[in-house]
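**Student:** one predicted model, sequence on top.
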Amino acid sequence: PLRSSKEKEGEYENHGNNDCAFGVLGMQRVFCDLHCVRDAVKAGDQAILKSLEKAVTVMGSNMQILMEHFFGIVNDQFDSVKASMPTAAPCLQTYRADIDSMFTEMKAIAQDS
């Protein structure tokens, strides 16, 4: 049997009442998207922190190697001056102690990084 357009409209309206509310579905989608974005930001933050931690470790290691190298050069220079000028030995010992303490302090700073 043929139905009139008025009957069809009434039928569509009645079936529409059984559907979920559009606003609720939209909000659920927004909250789902926000949850995904939050997880992505957290993962990105963790990756950045790990990368920075690795970079600081490498820089600290490089600084320690440089300090050991330059400390060796300074020690060699003191030894050569001391050998060539025995009368300057007491003065050089004082300078050497001062420089040793400075390099020790720099090494401690580099290791703390």
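**Tutor:** Everything's here; your move.
**Student:** so how far is Leu34 from Val41?
**Tutor:** To Leu34, Val41 is 10 Å away according to CB to CB, to the nearest Å. (C-beta placed from N, C-alpha, C; glycine too.)
**Student:** oh sorry, the question was meant for Arg96
**Tutor:** Arg96 sits at a distance of 63 Å from Leu34 (criterion: CB to CB).
**Student:** those two: which is more packed in?
**Tutor:** Taking neighbours as other CB atoms under 10 Å, Arg96 and Leu34 compare with Arg96 leading, 18 against 10.
**Student:** the more buried one sits in which helix or strand?
**Tutor:** helix 89-112 (DSSP states H and E).
**Student:** list the buried residues of that helix.
**Tutor:** By 16 or more other CB atoms under 10 Å, the buried positions in helix 89-112 come out as 92, 96, 103, 106-107, 110.
**Student:** closest to Phe71 among the residues you listed?
**Tutor:** Nearest to Phe71 among these is Phe103, at 4.7 Å by CB to CB.
**Student:** what sits against the closest one?
**Tutor:** Going by CB atoms under 8 Å, 6 or more residues apart in numbering, Phe103 touches 67, 70-71, 74.
**Student:** got these as TSV, with secondary structure, distance to Asp45 and pLDDT columns?
**Tutor:** Converted to TSV, the contacts of Phe103 look like this (DSSP: H, G, I helix; E, B strand; the rest coil; distance: CB to CB, whole Å; pLDDT from 0 to 100):
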residue	secondary structure	distance to Asp45	pLDDT
Met67	helix	33	78
Phe70	helix	37	79
Phe71	helix	38	76
Val74	helix	43	75
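**Student:** done for today, thanks.
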